[in-house]
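> what follows is a predicted structure for the sequence shown.
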Amino acid sequence: MVGVRRHQMCKTKSATATAAAPSMARSSATTPTTHGRRSPRGNTNGTHRTSYSTSSAALSTSSSSAASSLEALKKDSLPDLPLLLTFAELAAATKNFSPAHRLAPGSSNSFRCALRGHPAAVFRRALRRDPAEVSARLAVLGHCHHAAIARLYGAAASPDGALFLAYELVPGAAPLSALLRGANNPSFTPLASWHSRLRLAADACDALSYVHLQAGTVHNRLSSSSVLVCGQGPLLRAKLAHFGSADLAGELPDDESGDKEARQRRTGSRGRRIEGTRGYMAPELTAGGSPTRRSDVFAL
């Protein structure tokens, strides 16, 4: 009996060992499955790293392409701005400011010429600030660009103390004052529709908003002659001329500095000179006040 019991116990042990073997096999089979679940996560992380690096490379390529396109545009269509020109260069470009180069037949203060291969309009202004300040202001204003503003190309001071400003010569453009009424037929105007007038007004407002909020200056030259109309038919658009003219010429006193002596040097006398076009000047300007954003809006 004792032998039989030992034999049965051996069988029981062997049966237990046999039963444990499949469970161990199942657990060992389960372990690789668990590892198999983790490994896709590792692969997924690797995939993300690859996609991130690919995206970064794509962004870098896009940025370099945009930069190269911008540089190509500058080389093809724009001069190196801003330009602190010499008076001799302007005199040579306009044939010593000959009447043949006048922008308008009756004007002796505006000329047309080509500056470094670009058509330009040159305007003469009285300089009422220190010539050394012109370069600093030109560096700021020369980098301001807007689709509805005739671009500032550069400036030069003459030996007699005048300031000459060179601007983009807008092809085919005419001042708004010439289009409001025809010379031969006063009752005819290409701006007969309200739609065309509203579009020009919107362009002028957009440009003036840029002058005030982005460039941080005041125009002080707004009138129907300083709004250029370009295009034809229903595609008429407006460009604002004389951007930065008042600033560079010293017509805008720096009231915030409180330097009364500097303001008197700019005006050249104890009384402030009134600058602007009658009919477009705000009441405070005619009373001797300083140009402000509000006076610009009044003129508009």
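Yes, it's here. All values derive from a computational prediction rather than experimental measurement.
> CA atoms for contacts and neighbours, from now on please.
Fine.
> how many neighbours does S225 have?
17 (other Cα atoms under 10 Å).
> repeat for the one 5 residues further on
For C230, the number of neighbouring residues by other Cα under 10 Å comes to 19.
> so what sits opposite it in the bridge?
Counting by DSSP bridges, C230 is bridged to R237.
> ok, it - contacts?
V170, P171, G172, A173, A174, L236, R237, A238, K239 (Cα atoms under 8 Å, 6 or more residues apart in numbering).
> the first one contacts R151, correct?
The reference is to V170. No: using Cα atoms under 8 Å as the test, V170 is too far from R151 to be in contact (9.1 Å).
> of these two, who's got more company?
Ranked by neighbour count (other Cα under 10 Å), V170 and R151 place R151 first, with 25 against 18.
> how close does that one sit to G233?
From R151 across to G233, the span is 24 Å (Cα to Cα, to the nearest Å).
> same thing with N220?
In terms of Cα to Cα, N220 sits 30 Å off from G233.
> repeat that for A139.
Distance check for A139 against G233: by Cα to Cα, it reads 37 Å.
> please enumerate the strands of the stretch 101-250 of the chain.
In the stretch 101-250 of the chain, the segments counted as strands under DSSP state E, counting those that start in this stretch are 110-115, 118-126, 152-157, 162-168, 174-175, 227-230, 237-240.
> select from the ones you listed the stretch with the lowest mean pLDDT.
Mean pLDDT values for these show the minimum at strand 174-175, a mean of 87.
> so what touches that strand?
The contact list for strand 174-175, computed with Cα under 8 Å, 6+ apart, reads S224, S225, S226, V227, L228, V229, C230.
> the same query, at a cut-off of 10 Å, please.
Among residues not part of strand 174-175, those counted as contacts by Cα atoms under 10 Å, 6 or more residues apart in numbering are 223-231, 238-241.
> same check on stretch 197-206?
Applying Cα under 10 Å, 6+ apart, the contact partners of stretch 197-206 are 146-149, 176, 190-191, 194-196, 207-211, 222, 227-230, 234-240, 297, 300.
> show the buried residues in these.
Neighbour-count burial within the contacts of stretch 197-206 applies to 148-149, 176, 191, 196, 207-208, 210-211, 222, 227-230, 236-240, 297, 300; the criterion is 16 or more other Cα atoms under 10 Å.
> returning to that earlier point: higher neighbour count, A139 and G233?
Taking neighbours as other Cα under 10 Å, A139 and G233 compare with A139 leading, 15 against 10.
> might one say that that one is in contact with A215?
No: using Cα atoms under 10 Å, A139 makes no contact with A215, being 11.7 Å away.
> could you name every residue contacting both of those two?
Both A139 and A215 lack any common contact, where contact means Cα under 10 Å, 6+ apart.
> if we can go back for a sec, please enumerate the shared neighbours of V170 and R151.
Common neighbours of V170 and R151 (Cα under 10 Å, 6+ apart) are A120, K239, A241.
> list just the nearest of the residues you listed to R129.
The nearest member of the shared contacts of V170 and R151 to R129, counting by Cα to Cα, is A241 at 21.3 Å.
> who's in contact with A215?
A215 makes contact with V140, L141, G142, H143, C144, H145, L208, S209, F243, G244, according to Cα under 10 Å, 6+ apart.
> with pLDDT added, can I get those in JSON lines?
Putting the contacts of A215 into JSON lines (pLDDT from 0 to 100) gives the following:
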{"residue": "V140", "pLDDT": "85"}
{"residue": "L141", "pLDDT": "87"}
{"residue": "G142", "pLDDT": "78"}
{"residue": "H143", "pLDDT": "81"}
{"residue": "C144", "pLDDT": "87"}
{"residue": "H145", "pLDDT": "88"}
{"residue": "L208", "pLDDT": "94"}
{"residue": "S209", "pLDDT": "95"}
{"residue": "F243", "pLDDT": "93"}
{"residue": "G244", "pLDDT": "92"}
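> any idea which of these has the most stuff around it?
So for the contacts of A215 (other Cα under 10 Å), the most neighbours sit at F243, 28 neighbours.
> pretty sure it contacts V211?
Yes: judged on Cα under 10 Å, F243 makes contact with V211 at a distance of 7.8 Å.
> in helices, which of the contacts of A215 appear?
Of the contacts of A215, the ones assigned to helices by DSSP state H are V140, L141, L208, S209.
> report the separation between the last one and L300.
Meaning S209. For S209 relative to L300 (Cα to Cα), the value is 11 Å.
> and for the third one?
Relative to L300, L208 is positioned 9 Å away (Cα to Cα).
> again with S110
With Cα to Cα as the criterion, S110 and L300 are 23 Å apart.
> low-scoring stretches of the stretch 151-300 of the chain, by residue?
Low-confidence segments of the stretch 151-300 of the chain (pLDDT under 70): 181-188, 254-276.
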